[in-house]
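J.: below is the structure, and that's it, no one-letter string:
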């Protein structure tokens, strides 16, 4: 058995052709989807980058494994405690460790993720690691040569798992200048309008907002001309959307190079290919631009495409799934028992037989920019905010995703009945999570973050941001922010 995992950072499903996007961003990824199963409602349990991949690799929620932030108390896995033997669970239960020990596969990683976040337990279970050396600032041309060399040397062998990490859709949007812009004459997504831009400019504040895309200011980096520092008009919005889409199309071309190499090696026909991401990218939704700093539908929804020769092909499944469901799914598909530590739910029946699978609801978390937990069920997304990342988000937000997939109309005030149902679903999940905390742990790490300075990208930044607001003519928001965040200096 051979498995290729294409881990493409910050990849929004709805900006791929196979998920219905009107631009031709992804012909090679679309080809993979046409030969496999496309999961339309897969979400990361914990956003963004480090929490998401920590959840994926261990098959556990951040509220249990402890990795919910990008710095401080909860950017590292919780120590296992007395149940730890000579080796910890990381030696057996992670995605690569399981495929190595239970599946007998040679497990290989090519990319730069662990260096970016000093998350070296992320490597647990890989027999071979090729660090591309730029800590997430790589473009595809820095990654693909290492993949090609590895395939030349090993691709024709049997029994391997190759995990390739590409970064190109992630900010800063980095497709090389010579790539050009294949979307220059193509329409923007219809929901992005001059009226939307004008409304956000007048009423919304916050880091990575419409006037502060560079988090706390509007500075631009001349090394990355595809990304503006603010959006003042439709031309600026085009720079954002085209910059992101060019990143997607550029990495898709490199995926095509890998597919051609695998075909030349004679292994493509029986190769398992998984395509996914750590999170999406807000491109104007709920006032966030070129970032993934919320627990909303756009940030947390990820592509999940599984091409498994001999099983379902050219199908789609719309059940609700987590990224942590992948580990028990792989266990079922390779015919091995799952690990007891995993918290996901297998969707192998969808890959194998086209059966309907999925959860009744999903609970989604974000504790790096702000602190939010969300409930996703039926057509609804309910967001509860504990730290607003200086965006002045209300405590509760509610969106009907069937009518409003870009989250433009908050229905919380109109539908308190749905908010109560969401709170009930969340409380049941939270009770279950607290009742099953790992040995020696008795608290929710979200509350620990709030008690220790707040999420990574917000703590100790309010004074600087208030100065920015004053300089840019948005003084109206300063007293509101200071009232909401009296603890911030």
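T.: Structure received. What you are looking at is a predicted structure, and each value in this text was computed from that prediction instead of being measured.

J.: residue contacts, the residue nearest to the spatial centre of the chain?
T.: By Cα atoms, centre = their mean, the chain has its centre lying nearest to residue 279, at 1.1 Å. Counting by Cβ atoms under 8 Å, 6 or more residues apart in numbering, residue 279 touches 10, 44, 47, 48, 49, 52, 292, 299, 300, 302. Every C-beta, even on glycine, is put in place using the N, C-alpha and C of the backbone.

J.: mind listing which of the residues you listed are in helices?
T.: 49, 52, 299, 300 (DSSP state H).

J.: distance to residue 395 for the residues you listed - can I get that in CSV?
T.: What follows is those, written out as CSV (distance: Cβ to Cβ, whole Å):
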residue, distance to residue 395
49, 26
52, 25
299, 19
300, 19
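
J.: could you identify the most distant pair in these?
T.: Within those, 49 and 300 form the most distant pair, 12.5 Å apart (Cβ to Cβ).

J.: those two: which has the busier surroundings?
T.: residue 300 (29 against 22; other Cβ atoms under 10 Å).

J.: mark which of the contacts of residue 279 are buried, thanks.
T.: Among the contacts of residue 279, the ones that count as buried by 16 or more other Cβ atoms under 10 Å are 10, 44, 47, 48, 49, 52, 292, 299, 300, 302.

J.: which residues does the spatially closest residue to the last one that is not a sequence neighbour contact?
T.: In this case it means residue 302. Using Cβ to Cβ, 6 or more residues apart in numbering and skipping the chain neighbours, the partner closest in space to residue 302 is residue 277 (4.6 Å). Going by Cβ under 8 Å, 6+ apart, residue 277 touches 7, 8, 9, 10, 11, 302, 303.

J.: can you flag which of those belong to strands?
T.: Mapping the contacts of residue 277 onto strands (DSSP state E) picks out 7, 8, 302, 303.

J.: top of these by number of neighbours, please.
T.: residue 8 (28 neighbours).

J.: who does that one bridge with?
T.: Beta-bridge pairing for residue 8 (DSSP bridges): residue 166.

J.: that one touches residue 143, doesn't it?
T.: No: counting by Cβ atoms under 8 Å, residue 8 stays clear of residue 143, with 10.6 Å between them.

J.: residue 372 sits in which helix or strand?
T.: strand 371-377 (DSSP states H and E).

J.: for that strand, the distance to its chain's centre please.
T.: 14 Å (Cα atoms, centre = their mean, to the nearest Å).

J.: sheet partners, orientation included, of whatever helix or strand comes next after it?
T.: Next in sequence after strand 371-377, counting helices and strands by DSSP H and E, comes strand 380-387. Taking DSSP bridges as the criterion, strand 380-387 sits next to strand 371-377 (antiparallel), strand 396-400 (antiparallel) in its sheet.

J.: check contacts around the residue nearest to residue 83 when sequence neighbours are not counted.
T.: With sequence-adjacent residues excluded and distances taken as Cβ to Cβ, 6+ apart, residue 83 is closest to residue 439, at 5.6 Å. Contact analysis of residue 439 by Cβ under 8 Å, 6+ apart lists 80, 81, 82, 83.

J.: hmm, 7 Å instead?
T.: Going by Cβ atoms under 7 Å, 6 or more residues apart in numbering, residue 439 touches 81, 82, 83.

J.: and what of residue 338?
T.: Per Cβ under 7 Å, 6+ apart, neighbours of residue 338: 328, 331.

J.: what's the answer for residue 373, then?
T.: 295, 363, 364, 365, 384, 426.

J.: what helix or strand is residue 129 on?
T.: Element membership of residue 129, judged by DSSP H and E, is strand 128-131.

J.: and the contacts of that strand?
T.: With Cβ under 7 Å, 6+ apart as the test, strand 128-131 has contacts from 108, 109, 110, 112, 115, 123, 146, 150.

J.: how far off centre is that strand?
T.: Worked out by Cα atoms, centre = their mean, strand 128-131 lies 22 Å from the chain centre.

J.: rewinding a little: what touches both of residue 8 and residue 143?
T.: Common neighbours of residue 8 and residue 143 are listed as residue 166 (criterion: Cβ under 7 Å, 6+ apart).
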